[in-house]
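Participant: please find the sequence and the predicted model below.
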Amino acid sequence: MESERVSLPLIHEHLMMPWNDFRKGDCCGRFESISDGYYCESCDFFVHKKCSDEITESIQHPSHSLHPLCLRSDPHHNCNLCGRRIVNLYYRCQICDFDVDLHCVKYPPPEVTDVSDTHHHKLTLLKELTDFDCCAKCGETGDNEFAYECHVCELTFHVDCVWNQPEVEHPLEVNHSYHSLHPLKLLTGQPPEYSDGKCRLCGRNVGKLFYHCSSCNFTLDMHCTLDPPPQSLMDLKAHDHQLILRPRLDSFTCNACGLKGDRSPYACFQCGFMIHQDCFGLPRVININRHDHRVYRTSVLGVLNSVCGVCRKKVDWTCGGYTCQRCPGYVVHSKCATREDVWNGKELEGVPEEIQDNEPYVAIDENTIQHFSHKEHYLRLHVHRLLWEENKHCNACSYPICLQSFYACIDCDFVLHQNCAELPKRKWHLLYGEQLTLVTTSKAGYFDCDACGKTCNGFAYQHGATKIDFICASISEPFIHPSHPYHPLYYIPQDKEEICNGCNMKESHVLRCTEDGCEFVLGFRCATLPQVVKLDNDLLSLWYGNEMTSGKYWCDICEKELNPETWFYKDRLATAHIECVVGDFLGLVPRSTILYRGKSFEVVLNNNICRPFCRWCKSRCIYPIILKLLRTSDTCFCSDKCICEDLSLKPED
């Protein structure tokens with residue numbers, strides 16, 4: 001075997017053996033229809049024979065006629081002709097920092113091309129790296145690449161999809177470095193019945209075109225045939241020793257995430273460490289939206305009888321994961337902590353933690369504060385009122401002051417619930433991966449809460465276009481709701497909308513019970529409903545359905561039938577629909593003004609003995625908060641639907 005090896009000093013430092021690997025060459029990063037070439041077993045390095053035959057130490061190239069280009073092998077650049085990331089070998093002008101990969105040396109893409117088989121207009125090469133969706137047959141996205149664009153149709157294409165790319169002819173039989181006992185044969189259609197239909201290396205379903213060895217029941221999909229994972233690697237973030245890929249069907253527990261695997265782990269034979277292929281590259285220090293502090297990667301969690309702070313499932317304390325250095329016992333699975341809906345993708349190792357001014361107010365004395373949202377005056381604390389403050393509504397959450405402690409301005413009518421006044425300037429929220437900042441809305445502004453959908457104009461927590469109202473922002477895990485007092489609720493996102501137990505409506509964001517056999521889920525809108533409301537002179541409490549089991553029941557507000565199996569408000573004598581009690585504008589602060597659907601309105605408390613008529617539906621306005629057109633004496637609207645009908649808008653506009 002040693003005599004068969006060849007020396008390619010310009011390309012690689014080790015002796016290499018002739019090989020047909022049918023994958024992307026580490027020389028140029030392109031596929032070849034028949035990939036005859038040379039392979040280094042020590043480095044898992046493969047070079048096309050065609051590339052190796054044409055390589056010289058330096059070249060003159062028409063794309064850069066000023067200076068010669070010299071062969072290099074330090075791939076930290078993009079090709080200046082096609083924009084692709086250079087894999088290994090390339091030619092460089094050190095004077096001009098101009099780089100060309102091996103493929104573009106031979107096939108430089110023209111600035112304008114006419115390829116009628118691909119598109120019927122001329123295509124222009126864009127010379128700025130961009131993200132795009134390729135409109136050719138490949139259908140894949142371009143990630144920070146150059147592209148060809150049709151200025152007539154505004155379509156974009158990969159450079160490779162339109163210029164000098166021969167059709168790939170898949171050999172009927174190939175040798176492969178992960179299965180050297182027998183050649184792999186090309187099969188199409190359904191996998192053999194005796195196989196599991198999945199790739200031995202990555203575990204994905206193989207599709208309709210794959211390579212297979214019937215003697216060993218060994219199958220590779222096209223991706224792993226063409227571009228297999230390296231046979232060995234050294235990743236000190238994952239493990240202290242070199243790791244070897246075991247291309248076998250073996251059940252194992254991943255030491256990085258604590259979850260089971262059934263095939264092809266990377267293993268350390270020195271100490272028995274095993275890891276999923278997709279568990280490499282885990283960040284060491286991150287923020288997650290389920291916890292207020294940074295969490296840190298550790299190879300052994302070491303916390304007995306612990307549950308994951310995201311999925312609420314048991315954690316194997318002998319495996320790796322994330323822990324909080326400030327909160328003993330808080331642990332998170334590696335895969336849960338790095339989910340897209342939990343982590344914002346930012347590695348914080350080496351990034352100093354900012355000391356943030358997160359206090360929302362300055363204490364003047366024991367009962368007086370200066371809140372950052374109302375710096376012009378001091379606020380005085382009023383403790384647990386015995387009377388319902390009917391005309392006082394919190395400027396932060398818009399809910400009324402109802403038997404709660406609150407801060408009131410000494411010089412004006414500005415009011416905050418004590419709980420609302422104490423919420424920090426910045427916080428993480430379980431719905432979003434970025435830290436949210438507390439903002440006060442302008443006098444004419446409003447927003448739709450991204451958690452519950454309620455129209456609001458009080459304070460909000462915001463990041464970019466995302467806004468969450470104060471009530472929804474105050475929800476944290478574990479969440480205890482009086483409708484389900486025995487088990488806490490958690491936010492565990494699903495791929496589909498779910499039926500809320502409160503309103504029997506489909507909701508995108510729900511809090512759920514994680515106890516076995518309990519299927520209770522609660523949408524944010526129902527989770528944030530007031531527990532007590534005032535109707536005329538009566539206080540009604542929120543009831544949670546199934547309280548009455550026979551007979552018909554009627555809403556005392558709209559005088560229509562009420563379904564006792566859904567939530568409603570009631571006292572000893574009266575019952576009412578939730579929608580009749582709260583209306584469409586519960587999230588708006590009374591006596592404020594807003595520019596709503598192109599018109600200026602005043603937010604009005606509807607608590608007079610004589611209720612006004614709605615301009616559109618001509619009925620008495622029954623809801624507790626209504627909108628009145630500014631600069632009119634009595635032009636009122638009872639609901640969003642009536643405003644939209646009057647303005648000839650759709651309610652969802």
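Facilitator: Arrived safely, thanks for sending.

Participant: residue 153 and residue 122 touch, don't they?
Facilitator: No - using Cβ atoms under 8 Å, residue 153 makes no contact with residue 122, being 11.0 Å away. C-beta: built from backbone N, CA, C; applies to glycine.

Participant: tell me the contacts of the residue nearest to residue 606 when sequence neighbours are not counted?
Facilitator: Taking Cβ to Cβ, 6 or more residues apart in numbering, and ignoring the residues beside it in sequence, residue 606 has residue 626 as its nearest neighbour in space, at 4.8 Å. The contact partners of residue 626, by Cβ atoms under 8 Å, 6 or more residues apart in numbering, come to 583, 585, 604, 606, 612, 614, 636, 637, 638.

Participant: for the fifth one, give me its contacts.
Facilitator: Okay, so that is residue 612. 606, 620, 621, 626, 628, 634, 636.

Participant: need the nearest residue in space to the third one, chain neighbours excluded.
Facilitator: Looking back up the chat, that one is residue 621. Excluding its sequence neighbours, the residue lying closest to residue 621 (Cβ to Cβ, 6+ apart) is residue 638, at 4.0 Å.

Participant: who's in contact with the one you found?
Facilitator: Residue 638 neighbours (Cβ under 8 Å, 6+ apart): 583, 614, 617, 619, 621, 622, 623, 626.

Participant: please, a PyMOL command that selects the buried ones among the residues you listed?
Facilitator: Selection of the buried residues among the contacts of residue 638 in PyMOL, burial being defined by 16 or more other Cβ atoms under 10 Å:
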select buried, resi 583+614+621+622+623+626
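
Participant: go through the contacts of residue 638 and flag which are in strands.
Facilitator: Taking DSSP state E, the ones among those that sit in strands are residue 626.

Participant: in JSON lines, list the contacts of residue 638 along with distance to residue 276 and pLDDT.
Facilitator: Below are those laid out as JSON lines (distance: Cβ to Cβ, whole Å; pLDDT from 0 to 100):
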{"residue": "583", "distance to residue 276": "51", "pLDDT": "90"}
{"residue": "614", "distance to residue 276": "60", "pLDDT": "91"}
{"residue": "617", "distance to residue 276": "60", "pLDDT": "90"}
{"residue": "619", "distance to residue 276": "62", "pLDDT": "88"}
{"residue": "621", "distance to residue 276": "60", "pLDDT": "89"}
{"residue": "622", "distance to residue 276": "58", "pLDDT": "88"}
{"residue": "623", "distance to residue 276": "54", "pLDDT": "89"}
{"residue": "626", "distance to residue 276": "57", "pLDDT": "91"}
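
Participant: just send the contacts of residue 638 back as TSV, with distance to residue 126 too.
Facilitator: Shown next, in TSV, are those (distance: Cβ to Cβ, whole Å):
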residue	distance to residue 126
583	52
614	55
617	55
619	59
621	57
622	59
623	55
626	54
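
Participant: quick one: end-to-end distance for stretch 507-524.
Facilitator: The first and final residues of stretch 507-524 sit 8 Å from each other (Cα to Cα, to the nearest Å).

Participant: I misspoke; the intended subject was stretch 583-601.
Facilitator: OK, stretch 583-601 end separation, Cα to Cα: 16 Å.

Participant: hmm, residue 311 is touching residue 494, no?
Facilitator: No - using Cβ under 8 Å as the test, residue 311 is too far from residue 494 to be in contact (12.0 Å).

Participant: which one of these two has more residues nearby?
Facilitator: residue 311 (17 against 11; other Cβ atoms under 10 Å).

Participant: that older thread, residue 240: which of the contacts of residue 638 is nearest?
Facilitator: Nearest to residue 240 among the contacts of residue 638: residue 583, at 62.6 Å, using Cβ to Cβ.

Participant: do I have it right that the closest one meets residue 624?
Facilitator: Yes - between residue 583 and residue 624 there is a contact under Cβ under 8 Å: 6.0 Å.

Participant: picking that back up, state the distance from the residue nearest to residue 606 to residue 635.
Facilitator: Applying Cβ to Cβ, to the nearest Å, the value for residue 626 to residue 635 is 11 Å.

Participant: below-threshold pLDDT in the stretch 1-150 of the chain: ranges please.
Facilitator: Low-confidence segments of the stretch 1-150 of the chain (pLDDT under 70): 1-3, 21-23, 31-35, 115-119, 136-140.

Participant: which parts of it are strands?
Facilitator: Counting by DSSP state E, counting those that start in this stretch, one finds strands in the stretch 1-150 of the chain at the ranges 17-20, 36-40, 45-48, 58-61, 64-72, 90-93, 98-101, 112-113, 123-133, 141-150.

Participant: of all the ones you listed, which lies closest to residue 396?
Facilitator: strand 123-133 (39.3 Å).

Participant: fine by me, thanks again.
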